[in-house]
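Enquirer: with the sequence up front, the predicted model follows.
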Amino acid sequence: MYGNAYIDPNDKAAMMIAGEDPDKLAAFEARIARGEKIEPKDWMPKEYRKQLIRMIEQHGHSEIIGALPEGTWITRAPGFRRKLALMAKVQDEVGHAQLLYSAAETLGKSREAMINDLITGKSKYSNVFNYPAYTWADACIIAWLIDAGAIINQVANAKGSYGPYCRALDRICTEESFHLKYGHDNVVTLATGTPKQREMVQAALTRWWPPIMHFFGPSDKISNHTEILMRWKVKMASNDDMRQQFLNMYVPKIWDLGLTLPDKNLKKNAEGKWEYTEPDWEEFKRVINGGGPCNAERLAVRRDAEERGRWVREALNTADSKYIVPLA
Ligand code: BYC
């Protein structure tokens with residue numbers, strides 16, 4: 001019961017939608033149950049709008065910040081073909097941010113406000129991009145396994161309820177599937193290469209495993225937003241379910257390459273579920289709240305880019321600017 005009826009303060013979902021018009025809310029939820037897409041001009045609960053802005057904006061930030069660890073390897077990628085491929089991948093990731101910011105803008109938050117919240121540290125972005133890419137192998141592990149995790153999440157959520165986000169995710173997934181193949185090819189090359197190359201890729205995998213386990217979000221027991229987001233089909237699977245899907249698809253591939261994972265408890269049980277050591281959620285919280293090894297460096301790069309790009313934005317916003325050449 002919503003509207004003016006008594007709301008149990010322990011019922012998180014009910015508290016989030018308290019005060020909404022019960023008829024409108026029921027019609028909205030019926031549309032979602034029928035699998036219809038919600039479009040920007042449609043009525044939506046305030047909490048739906050707020051949650052979508054938060055999630056899509058954080059996703060957009062993850063894409064542009066995510067371009068940084070791999071981006072540092074463009075000039076040092078082994079061989080011209082890999083340089084070209086990595087350059088194209090990094091460019092794609094930044095393009096994904098453009099798509100996502102456009103989707104979030106349809107909900108009423110300006111791009112300037114989103115970028116401002118990123119560079120002032122108010123808004124979050126994916127934990128994984130706060131770790132350094134020490135070697136070429138780190139960049140390869142990112143391209144294979146972080147992109148793999150992202151695809152699992154995005155393919156599921158592309159079937160969700162908010163039209164602009166789903167359409168952006170469809171396009172992103174198509175590009176990400178190339179990234180995944182590129183990353184896999186690089187990791188296979190290293191894993192089947194010289195002893196030094198194998199050592200390098202194993203060390204990178206060992207470094208990246210804990211952040212990758214964190215990537216899918218906190219365990220369902222402690223996730224804040226999953227219940228309401230799944231109710232409204234923004235998230236199409238819980239954090240733990242996505243993590244399970246990832247383990248199911250990628251642990252066998254990793255083991256097939258003769259690589260090992262730094263978790264002695266990792267195994268598939270008799271029910272077909274993966275068991276693993278509980279990730280360190282304190283470390284996760286520290287990293288997503290600004291205390292990771294690279295948070296300060298990543299935000300400093302974005303602040304610098306914001307300053308350096310100011311004249312371009314000002315020129316574009318000035319109708320009679322000397323910088324604007326009319327299109328023929
Ligand atoms: N990192 O209630 P929960 C890419 C936060 S980029 C940081 O479970 P939710 C790529 C969460 O925001 C693709 N923070 O949250 C790019 C919340 O904090 P607030 C990245 C995280 O939203 C370049 C709190 O923890 N993918 O592939 O229900 C190169 C509680 O969590 C994380 C996306 O962004 C995290 N990993 O579920 C290469 C996918 N996890 O906001 C590759 C879109 C949780 O209350 N996002 N938090 O302060 C989602 O699907 C969901 O937001 C999540 C989390 C599954 C990540």
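Expert: Thanks, I have the structure now. From a predicted model like this one, the values you see are computed outputs, not experimental measurements. Numbers count the residues shown, from 1 in each chain.
Enquirer: the ligand contacts on this protein?
Expert: Taking C-beta under 6 Å from any ligand atom as the measure of proximity, the chain contacts the ligand at 54-55, 58-59, 62-63, 66-67, 70, 93, 124, 126-127, 142, 146-147, 150, 153, 214-218, 223-226, 229, 235, 239, 288. Where you see a C-beta, it was placed from the backbone N, CA and C, and this is true even at glycine.
Enquirer: please spell out the PyMOL selection for the buried subset of those.
Expert: The buried residues among the residues of the chain next to the ligand can be selected in PyMOL (16 or more other C-beta atoms under 10 Å) with this line:
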select buried, resi 54+55+58+59+62+63+66+67+70+93+124+126+127+142+146+147+150+153+214+215+216+217+218+223+225+226+229+235+239+288
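Enquirer: show me the residues of the chain next to the ligand that map onto helices.
Expert: 54-55, 58-59, 62-63, 66-67, 70, 93, 147, 150, 153, 214-215, 226, 229, 239 (DSSP state H).
Enquirer: where does the stretch 201-328 of the chain dip in pLDDT?
Expert: Across the stretch 201-328 of the chain, residues meeting the criterion (pLDDT under 70) sit at 319-328.
Enquirer: the helices in it, which residues?
Expert: 226-231, 239-256, 281-286, 295-308, 310-317 (DSSP state H, counting those that start in this stretch).
Enquirer: and residue 254, how close does it get to residue 216?
Expert: Distance, residue 254 to residue 216, using C-beta to C-beta, to the nearest Å: 16 Å.
Enquirer: repeat that for residue 152.
Expert: Applying C-beta to C-beta to residue 152 and residue 216 gives a distance of 8 Å.
Enquirer: then residue 122?
Expert: Taken as C-beta to C-beta, the span from residue 122 to residue 216 is 23 Å.
Enquirer: same deal with residue 248?
Expert: Distance of residue 248 to residue 216, computed by C-beta to C-beta: 13 Å.
Enquirer: equivalent analysis for residue 276, please.
Expert: Distance of residue 276 to residue 216, given as C-beta to C-beta: 12 Å.
Enquirer: over to residue 199?
Expert: Separation of residue 199 from residue 216 (C-beta to C-beta): 28 Å.
Enquirer: equivalent analysis for residue 168, please.
Expert: Residue 168 is 20 Å from residue 216, by C-beta to C-beta.
Enquirer: next: residue 156.
Expert: Taken as C-beta to C-beta, the span from residue 156 to residue 216 is 11 Å.
Enquirer: likewise for residue 111?
Expert: According to C-beta to C-beta, residue 111 stands 27 Å off from residue 216.
Enquirer: what does residue 160 give?
Expert: From residue 160 over to residue 216 the distance is 16 Å, taken as C-beta to C-beta.
Enquirer: biggest helix in the protein by residues?
Expert: The longest helix of the chain (DSSP H) is helix 163-191.
Enquirer: would you mind getting the angle between it and helix 239-256?
Expert: 20 degrees (axes from the mean of the first three to the mean of the last three C-alpha atoms, to 10 degrees).
Enquirer: what helices or strands is helix 163-191 leaning on?
Expert: Judged by 3 or more C-beta pairs under 8 Å, 6 or more residues apart in numbering; DSSP states H and E, helix 163-191 is in contact with helix 46-71, helix 80-105, helix 136-141, helix 147-157, helix 195-215.
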